[in-house]
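Q: Give me a model of this one.
(chains A and B)
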There are 2 protein chains.
Amino acid sequence: MEIKRIITEIKKEHSNIQSVYFVGCGASMAELYPAKYFLEGNSKRLRIGQYSSNEFVHATPIAVDETAIVITCSLGGATPETIAASKKAMELGAKVIAVTHVENSPLAQNAHYVVTHGFEKNYAAKLEKMTKVLGLAVEILNEYEGYKYYDDMQTAFDRIYNLIEKAVSFVLPSAKKFAEEYKDEPFIYVMSSGATQQVAYSFSICLMMEMQWINSGSFHDGEFFHGPFEIVEKDVPFILLMNEGRTRALDSRALEFLNRFEAKTTVIDGKDFGLSSELPATVAEYFNPMVLSAVLRVYAEQLAILRNHPLTKRRYMWKLKY
Amino acid sequence: MEIKRIITEIKKEHSNIQSVYFVGCGASMAELYPAKYFLEGNSKRLRIGQYSSNEFVHATPIAVDETAIVITCSLGGATPETIAASKKAMELGAKVIAVTHVENSPLAQNAHYVVTHGFEKNYAAKLEKMTKVLGLAVEILNEYEGYKYYDDMQTAFDRIYNLIEKAVSFVLPSAKKFAEEYKDEPFIYVMSSGATQQVAYSFSICLMMEMQWINSGSFHDGEFFHGPFEIVEKDVPFILLMNEGRTRALDSRALEFLNRFEAKTTVIDGKDFGLSSELPATVAEYFNPMVLSAVLRVYAEQLAILRNHPLTKRRYMWKLKY
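A: Take a look at the predicted model:
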């Protein structure tokens, strides 16, 4: 398997890796988060960082050197800031792994290793990027420190794509209901916790703001009670992504509050998609982001249809230099 | 100085500290960010993490043990999630430093060391929390790895409170102008980069959503071009916090775009407040958050006056159990 081979090779040359940095822009930054969350939570020794590419280029952490692995990510492999970040990491001696859909893209050409992932084929293929990056994180942890649930993780990786396709197969009615209820909202809040935190972020800045021109904000649902909850009134529109895992208590508490004050709440819950019944319970939590992202995609598609605003419609992106 | 003494003492007992975690909720989490940004950017060896308290409690990173320093922060020292986080860190053997305004608060009683800070007296006192946490980070870096600009940092710490008071002394006219222009906006976006990233976050979730019930979203201005910028049209309201420092190029690029498409833009710029002329240029960047937070406070106060909505007005906080 390419992912295992890459990390084994890096380990052979560099037994002293001390840092792992995840670098990308927008959705391609957010899709690195499940791996970052996993590694930061489970490593005893490795330093972990996640950066938006241009910040990584302009304010590069001092520890980016020959003891670092840098994972850079861009769907089309042509994001200028991420290519620049990849180049910079290589100049500084780090081992660079590019994750991209396009094999010979500029990003792929500016990295030591390349992991390619699917995209168009189906919802599962769209989630390969996020899943393979988590795969890299699992291999890194296992090679450098050992990971007791490594085999469970492999089982989960074997099953996740089917689970994603199964999840999206039955959500169309709820997606249509969501679209009907939210199509005229001037703004929509999105929140979550744990591994799924940046799925909320990504849905907010990409699916809502970029692809639907709907005003949106996102935040961690543990933070909800320390500021944002004051905005809640009857019918204020929220999307809450609930995790099957350790931070579920946080998600539930936010839900209780939203219901108590009759916010307009749409819940997308990992528990409804068999995460902990079909994946080993020891690692299921780390796969909430994949399943919930796929389901959210269906929701966004239905919203786009009802609003007569295709997800590919842009004002500026792909059209202008900026 | 208490801060130096605390870290010297920890070093004496624990020469093998490997991780530093910053833990708080809402504004008290965001005010830890400048220290986190400094330490993650400048340390070659220490692992750095920042957590919302309840996530830290429910999904505690495995590396929180006797090799970790955990800095917990709560203004009144009574935030239940942060007290729980502090307790949990102590149980796991970490050295815990509580940062709070209230000396004998529950948080202070659940920590090995306490750093107290001012609040009511003036704008400078309000920024003591953030500044002292940065002070802790500087001492940690210097004790455990050495820091070549340590003396410059001390000079900056000596001058920052005067600089803050000087900054707020002349912004009233621009704050009044801002309030007049934004008072009827249904939502306001806030963005920044570098050390100031979470000042944007905090202004959005606390000053806007919590204290003014104005809808708001925030994001890193390097991320702006990878999603959020599609929302920009003539007169869409933004606040851009510009840094004097390495990530200024990112801030400037966002400003250029906002101006090009005639968004309603308010810029608050570290450069206008003498950061690099009055503080050593080697470390000035890390003090943008203190100066810009103080200035933003004046802006929020003027908005509150014009909107006839005091910053202390709440629907739920301090009133209900939740």
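Q: Show me which residues of the stretch 151-300 of chain A sit near chain B.
A: Proximity of the stretch 151-300 of chain A to chain B (C-beta under 8 Å from any C-beta of the partner chain) is limited to residues A:186-187, A:193-194, A:201, A:204-206, A:209-211, A:213, A:215-220, A:222-223, A:225-233, A:245-247, A:249-250, A:253, A:256-257, A:260-261. Quick note: C-beta positions are derived from backbone N, CA and C, even for glycine.
Q: for the stretch 101-250 of chain A, what spans make up the strands?
A: A:113-116, A:187-192, A:215-220, A:237-242 (DSSP state E, counting those that start in this stretch).
Q: Out of the ones you listed, which is closest to B:Gly93?
A: The closest of the strands of the stretch 101-250 of chain A to B:Gly93 is strand A:215-220. By C-beta to C-beta, the value is 26.4 Å.
Q: What residues of the one helix or strand in chain A whose mean pLDDT sits lowest count as buried?
A: Using mean pLDDT, DSSP states H and E, the weakest-scoring helix or strand in chain A turns out to be helix A:275-278, at a mean of 93. Residues of helix A:275-278 classed as buried: A:275-276, A:278 (neighbour count, 16 or more other C-beta atoms under 10 Å in any protein chain shown).
Q: near chain B, anything from stretch A:61-81?
A: Yes - counting by C-beta under 8 Å from any C-beta, contacts between stretch A:61-81 and chain B involve A:61-63, A:79, A:81.
Q: Which other helices and strands does the helix or strand A:Lys12 falls within contact?
A: Secondary structure assignment for A:Lys12, by DSSP states H and E: helix A:2-13. Judged by 3 or more C-beta pairs under 8 Å, 6 or more residues apart in numbering or on different chains; DSSP states H and E, helix A:2-13 is in contact with strand A:95-100, strand A:113-116, helix A:128-144.
Q: Can you tell me what sits against it?
A: With C-beta atoms under 8 Å, 6 or more residues apart in numbering or on different chains as the test, helix A:2-13 has contacts from A:17, A:69, A:95, A:97, A:113, A:115, A:132, A:135-136, A:139-140, A:143-144.
Q: where does the residue of the stretch 201-322 of chain A found nearest chain B land on pLDDT?
A: As assessed by C-beta to the nearest C-beta, chain B sits closest to A:His226 within the stretch 201-322 of chain A, at 2.7 Å. If you check A:His226, the pLDDT there is 98.
Q: how many other residues sit next to A:Val30?
A: Actually, residue A:30 is Ala. It isn't Val. 28 (other C-beta atoms under 10 Å in any protein chain shown).
Q: So for stretch A:301-308, what gets flagged as buried?
A: Buried residues in stretch A:301-308 (16+ other C-beta under 10 Å): A:302-304.
Q: Among these, name the ones that also lie close to chain B.
A: Okay, of the buried residues of stretch A:301-308, nothing touches chain B (C-beta under 8 Å from any C-beta).
Q: If I follow the layout properly, A:Ile71 ends up in contact with A:Tyr21?
A: Yes - between A:Ile71 and A:Tyr21 there is a contact at 7.0 Å, judged by C-beta atoms under 8 Å.
Q: Nearest spatial neighbour of the residue of the stretch 201-322 of chain A closest to chain B, chain-adjacent residues omitted?
A: Of all residues not flanking A:His226 in the chain, B:Gly26 sits nearest, at 2.7 Å (C-beta to C-beta, 6 or more residues apart in numbering or on different chains).
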